[in-house]
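Trainee: Have a look at this prediction, sequence included:
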Amino acid sequence: MNAQLDVERARFNMVEQQIRTWEVLDQNVLDLLLRVRREEYVPERHRALAFADMEIPLGHGETMLAPKIEARMLQELALHPGDRILEVGTGSGYMTALLASLGAHVYSVEIVPEFTASASAKLKAHSITNVTLDTGDAARGWDKHAPYDAIVLTGSVPLLAEAFPRSLKPGGRLVAVVGEPPVMEARLITCVAGGAFRSTGLFETCIASLKNAPQPERFVF
């Protein structure tokens, strides 16, 4: 019992000390982070770090984003109950679970088959059924289930493929971290009308890149 109380205290502290102080004030998002058990999506060997303000290694060069980054992305997407959502980079399945709790259906694509399988098992164990998991390379876009109301990339891209904004419905939102180390910026791109988009800078960060992300042209002198 004491161990469970410690876990809940750590979860509460994560939300109040890391996430709320990082301009995440949407009460629906904060309540969700208290409800969804993040530690059950963290690899067993790193479970003690489940609520730490850090990225957690998942293997294959991928990481689980820091809690405040996940929360801020979730808030900026401004999800609605009827939303169809594309997630690029399933990873642990935790962000997938959060998205599924706020939207109608999540289409999540992961390039590492092992992660697709483990995330599927975790989501089923938590009775989360409004998800479709695909194994594939979506770093340049994924129009298989387009158009989408919301898109989130859980890894960075040096350049954002044009296919992503084009896959949004009018009014749709896209959150992606764009740039190269050490300078990256999280951006919110909104489809204001068919073929017209508005881009807003959200915050600076530096996170692991999506595998096979499109690269800028390099000039050779």
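Mentor: Structure's in. What do you need?
Trainee: mind listing the strands for the protein?
Mentor: 56-59, 62-64, 84-88, 105-110, 131-135, 148-153, 168-180, 183-193, 196-205 (DSSP state E).
Trainee: Would you mind measuring from the residue nearest to the spatial centre of the chain to Pro113?
Mentor: Residue closest to the mean C-alpha point of the chain, counted by CA atoms, centre = their mean, is Thr154 at 4.2 Å. Thr154 is 17 Å from Pro113, where distance means CB to CB, to the nearest Å. C-beta here means a position set from N, CA and C on the backbone, and glycine is covered the same way.
Trainee: pLDDT weak spots in the chain?
Mentor: 1, 218-221 (pLDDT under 70).
Trainee: Give me the contact list for stretch 131-139.
Mentor: The set of residues external to stretch 131-139 that reach it, using CB atoms under 8 Å, 6 or more residues apart in numbering, is 86, 88-90, 96, 100, 105-113, 116, 119-120, 123, 142, 144-145, 157, 161, 210-214.
Trainee: What of stretch 163-173?
Mentor: Contacts of stretch 163-173 (CB under 8 Å, 6+ apart): 76-78, 86, 140-143, 146-151, 153, 174, 176, 188-195, 197.
Trainee: If any of the residues you listed are buried, give me the ChimeraX selection for them.
Mentor: Under the burial definition 16 or more other CB atoms under 10 Å, those of the contacts of stretch 163-173 that qualify are selected in ChimeraX by:
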select :76,77,78,86,140,141,142,146,148,149,150,151,153,174,176,188,189,190,191
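Trainee: coming back round to it: residue contacts, the residue nearest to the centre of the chain?
Mentor: 65, 73, 87-91, 95.
Trainee: Widest-spaced pair of these?
Mentor: Comparing all pairs in the contacts of Thr154 by CB to CB, the longest separation belongs to Met73 and Thr90, at 14.5 Å.
Trainee: quick one, which of these two is more surrounded?
Mentor: Thr90 (28 against 24; other CB atoms under 10 Å).
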